[in-house]
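# How does the following fold in three dimensions:
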Amino acid sequence: MGESLTHPEPQPTAHIAVDHYSAVHLAAETARSVAERCRLPGALPDRAAVIASELASNLANHATNGALFIQPLPLGGGMEIFAADHGPGIGELQQCLADGYTTSDTLGAGLGAVKRIATTLTIRTEPGAGTLVCARLTAPDETASADAEVGAICVPADEEQTSGDACAIVDHGPARTAVVVDGLGHGPQAAEAAQVALRSFHRAPDSPLPELLTAFHRALRRTRGAAVGLLRLHPGRAEYCGIGNVRVVTMTPLDLSHRLSGQPGIAGLNMTPPRVRAFPVPAGGTVLLHSDGIDHRWAQAPSPFVHRLPPPLLVASLAHSHRLPRDDATVLAARPRQRPS
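Residues are numbered from 1 along each chain as shown. Okay, the predicted model is just below:
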């Protein structure tokens, strides 16, 4: 079985558009709630609220088309808060990260406070294109969880409370196995199909991929069915096995390759014998899985800035800039494990 001690709760990512300062309070309360759901101890839920408040304030004061994404860490052990915008970028990033530096009245002291409170803080900014931030927060004895080179965001369609998409990722030995599920349509019945598939995945995530996909097919027979993409990462290589329109792409700082999608069919309704496709993963390469709620045209000509993003910020960039609002959207990105634990 997988080694992950806690699986992220199967709830969609909290997505908060920040186009006015009134969103700051909602961001803070959402972060506090997610931290409590992750069972972060002591004052950490309050610190999560401060991080979200600071990031939302920055978006309200300085950015264009800003949003926060708040959720448990994909591999468990804590939570993360993303900020994404299409603003002017940060010209003096190191100055902004100095503790006490702020350009407006906020609850804390700007990005310096976020850096001091968060377990890890990752920022990439591009003049004229915008800024991406990922602040991760863990309990003191789970700080290694914040370093995982994994990102995943799952957002329901606009006007929907539940997502017909779902995703999960588990580490086992030197391997890392991920799944993205896209229940047919959207709404509660699609969400039911997605959650049935996730429960099937967590029963034996280290099984051979064709066995996992066959188990999904059996489990989903009483649902409306789903598209499923399974990815297994080993040091230097990957395997993909899927059915339906869940795409996989490999990215490096200079290249984009292995544009694959699942074989025809629908898990739970009709499926031909599963087959596995293997491909190399170069050093520093990231493999992405995404549902069709992410516009596939993002991969036609991503900018050098996007090519260089680490997995957590890559999923934030795609979810923020290429999500199709009328469909559930999921994107997951990961690199192979560097060291077996």
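
# For the nearest residue to A113 once chain neighbours are set aside, pull up the helix or strand it's in.
Ranked by C-beta to C-beta, 6 or more residues apart in numbering and with sequence neighbours excluded, the top spatial neighbour of A113 is E54, at 5.8 Å. Glycine gets a C-beta too; all of them are placed from N, C-alpha and C. Here E54, judged by DSSP states H and E, is contained in helix 44-62.

# hey, C-alpha coordinates of that helix in PDB?
Below are the C-alpha coordinates for helix 44-62, written out as PDB (Å, rounded to 0.1, in the frame of the first residue of the first chain):
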ATOM      1  CA  LEU A  44      -1.400  27.400  13.000                       C
ATOM      2  CA  PRO A  45      -5.100  27.900  11.800                       C
ATOM      3  CA  ASP A  46      -4.700  31.600  12.900                       C
ATOM      4  CA  ARG A  47      -1.400  31.800  11.100                       C
ATOM      5  CA  ALA A  48      -3.000  30.300   8.000                       C
ATOM      6  CA  ALA A  49      -5.600  33.100   8.200                       C
ATOM      7  CA  VAL A  50      -2.900  35.700   8.300                       C
ATOM      8  CA  ILE A  51      -1.100  34.300   5.300                       C
ATOM      9  CA  ALA A  52      -4.400  34.300   3.300                       C
ATOM     10  CA  SER A  53      -5.200  37.800   4.400                       C
ATOM     11  CA  GLU A  54      -1.800  39.100   3.400                       C
ATOM     12  CA  LEU A  55      -1.900  37.400   0.000                       C
ATOM     13  CA  ALA A  56      -5.500  38.500  -0.700                       C
ATOM     14  CA  SER A  57      -4.700  42.100   0.400                       C
ATOM     15  CA  ASN A  58      -1.700  42.200  -2.000                       C
ATOM     16  CA  LEU A  59      -4.000  41.000  -4.800                       C
ATOM     17  CA  ALA A  60      -6.700  43.600  -4.000                       C
ATOM     18  CA  ASN A  61      -4.200  46.400  -3.800                       C
ATOM     19  CA  HIS A  62      -1.800  45.700  -6.600                       C
END
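
# Excluding residues flanking it in the chain, which one is nearest G242?
G262 (3.1 Å).

# Quick check: that neighbour touching L230?
No. If you go by C-beta atoms under 8 Å, G262 and L230 don't touch, sitting 9.0 Å apart.

# what stretches of the stretch 201-341 of the chain score poorly on pLDDT?
339-341 (pLDDT under 70).

# tell me the secondary structure for the spatially most central residue of the chain?
Against the mean C-alpha coordinate of the chain, by C-alpha atoms, centre = their mean, the closest residue is A152 at 1.5 Å. Here A152 takes the strand state, with states given by DSSP: H, G, I helix; E, B strand; the rest coil.
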